[in-house]
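Enquirer: structure, please.
(one chain, ligands or ions: 1)
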Amino acid sequence: MTLQSTFKKQFSCEFSAPKSEEAGAKLLSAHDRLAALGPAYFSVTYGAGGSTKDGTKQAVIDIRAKGSDVAPHLSFGGDSADKIEALLSEYKNANVTRVVALRGDMPSGMGGSVRLTYANELVDFIREKTGDHFHIEVAAYPEVHPDSRSVESDLDFFKAKVDAGANSAITQYFYNPAAYFNFIDACEKKGVSIPIIPGIMPISNFQTLVRFSDMCGADIPRWIRKNLEYYQDDKESLKAFGHEVVLRLCQDLLTGGAPGLHFYTLNQSKPTIRLWRDLGL
Ligand code: FAD
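Expert: This next block holds a predicted model:
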């Protein structure tokens, strides 16, 4: 039995921060449909460049007001410590008790003028300013973060976030369960003892998936890519194939002891609802 299989299983959903009022309203409709499934919490991404910062805060406050637990994603970007501390206070006052602490990527247009603050430093900062108020999630990379110097250093830096006080982790998405189980083994050997929850990206659009995967370094196995390419002009067949692939991935992960699943919904409720139901969650 792995350590991961001893944790209570937890299922959650992620939204992308809306960039307009209309997108905010769509997100809330998707929230209402997904909330009926009873996820443990929702999270809302954060664009450190500034374009979606307000969208994140508003979505978080709106979701909280609807009675759901919600975790804003957070990174320093180019902001001062005072600004981040003030944002944490606002979240605390809105009864938010979870955050996802990230380094983030270089906001476009900022060139080299900003030094990105590593996620372990942000976890330190949150603990220093707010004690144990927040349950802190951090990111994990079973297929190795694209900027990392080596597998070993990536693992050591992941452990640094845990040692700084992270309570649990969500992985970047992947389609090869062996990458997750190998990562879990390596973490256990390093003495990491927090839940590491697989991030699941449903498949419903070939071009979007390829673009995202190229950006974040997620591998699309050749057999999946070839099938998606074949079905790309036949949306229904592509969705049916994508659903079967991701359903089997989720089943393999849960059977192998993963402590839950975190769905990257991209603000679409249908693919996640279908997976949730077919998994019998
Ligand atoms: P870190 O854990 O800080 O690691 C970044 C890189 O630096 C790694 O290669 C690591 O090995 C290395 N490293 C870490 N610490 C050190 C150190 N002390 N010294 C030297 N090297 C170090 N992006 C967004 O913009 N907004 C979001 O809302 C968002 N949400 C995400 C949610 C999840 C679950 C995941 C998996 C990713 C998310 N991302 C988001 C993407 C993420 O911001 C990028 O992957 C980013 O490049 C790394 O962030 P991190 O927190 O993992 O960084």
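Enquirer: quick one: whatever residue of the stretch 151-281 of the chain ends up closest to the ligand from Ala86, how far?
Expert: Relative to the ligand, the nearest point of the stretch 151-281 of the chain is Phe157 (3.4 Å; Cβ to the nearest ligand atom). (Each C-beta comes from the backbone N, C-alpha and C, glycine too.) As for Phe157, its distance to Ala86 is 28 Å (criterion: Cβ to Cβ, to the nearest Å).
Enquirer: when these two are compared, which one has more neighbours?
Expert: Using other Cβ atoms under 10 Å as the criterion, Phe157 and Ala86 rank with Phe157 on top: 17 against 12.
Enquirer: ok, which stretches of the stretch 151-281 of the chain are strands?
Expert: Assigned by DSSP state E, counting those that start in this stretch, the stretch 151-281 of the chain shows strands spanning 168-171, 196-197, 199-200, 260-264.
Enquirer: residues in contact with the longest one?
Expert: I take that to be strand 260-264. Applying Cβ atoms under 8 Å, 6 or more residues apart in numbering, the contact partners of strand 260-264 are 7, 9-14, 40, 43, 170-171, 173, 195, 197-202, 250, 253-254, 272, 275-276.
Enquirer: quick check on those residues: which are buried?
Expert: Buried subset of those (neighbour count, 16 or more other Cβ atoms under 10 Å): 7, 9, 11-14, 40, 43, 170-171, 173, 195, 197-202, 250, 253-254, 272, 275-276.
Enquirer: circling back to that earlier point, make a markdown table out of the strands of the stretch 151-281 of the chain and add distance to Phe181 and mean pLDDT.
Expert: Below are those laid out as a markdown table (distance: least, Cβ to Cβ, whole Å; pLDDT from 0 to 100):
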| stretch | distance to Phe181 | mean pLDDT |
| --- | --- | --- |
| strand 168-171 | 12 | 98 |
| strand 196-197 | 11 | 98 |
| strand 199-200 | 15 | 98 |
| strand 260-264 | 15 | 98 |
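Enquirer: would you reformat those strands as CSV and include distance to the ligand?
Expert: Below are the strands of the stretch 151-281 of the chain laid out as CSV (distance: least, Cβ to the nearest ligand atom, whole Å):
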stretch, distance to the ligand
strand 168-171, 4
strand 196-197, 9
strand 199-200, 5
strand 260-264, 7
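Enquirer: Arg103 is nearest to which of the ones you listed?
Expert: Nearest of these to Arg103, taken as Cβ to Cβ: strand 168-171 at 13.8 Å.
Enquirer: from the ligand, how far off is Tyr46?
Expert: For Tyr46, the distance to the ligand (Cβ to the nearest ligand atom, to the nearest Å) stands at 4 Å.
Enquirer: who's in contact with that residue?
Expert: Ala17, Thr52, Lys53, Thr56, Pro72, His73, Leu74, Ser75, Leu102, Gly104.
Enquirer: ok, and of the residues you listed, which contact the ligand?
Expert: Counting by Cβ under 6 Å from any ligand atom, His73, Leu102, Gly104 from the contacts of Tyr46 sit close to the ligand.
Enquirer: what parts of the protein come near the ligand?
Expert: Counting by Cβ under 6 Å from any ligand atom, the chain sits next to the ligand at 45-48, 73, 100, 102-105, 118-120, 139, 145, 147-148, 153-154, 157, 161, 170, 172, 199.
Enquirer: re earlier: out of the contacts of Tyr46, which sit inside helices?
Expert: In helices, judged by DSSP state H, the following of the contacts of Tyr46 are found: Lys53, Thr56.
Enquirer: in a helix, that's where Lys83 is, yeah?
Expert: Yes: with DSSP: H, G, I helix; E, B strand; the rest coil as the criterion, Lys83 is located in a helix.
Enquirer: quick one, the biggest helix by length in the chain and strand 260-264 angle?
Expert: The single longest helix within the chain, with elements called by DSSP H, is helix 235-255. Put simply, helix 235-255 runs at 150 degrees to strand 260-264, going by axes from the mean of the first three to the mean of the last three Cα atoms, to 10 degrees.
Enquirer: mean confidence for helix 235-255?
Expert: Across helix 235-255, pLDDT averages out at 97.
Enquirer: what packs against it?
Expert: When contacts are defined as 3 or more Cβ pairs under 8 Å, 6 or more residues apart in numbering; DSSP states H and E, helix 235-255 packs onto helix 177-190, strand 199-200, helix 222-231, strand 260-264, helix 270-279.
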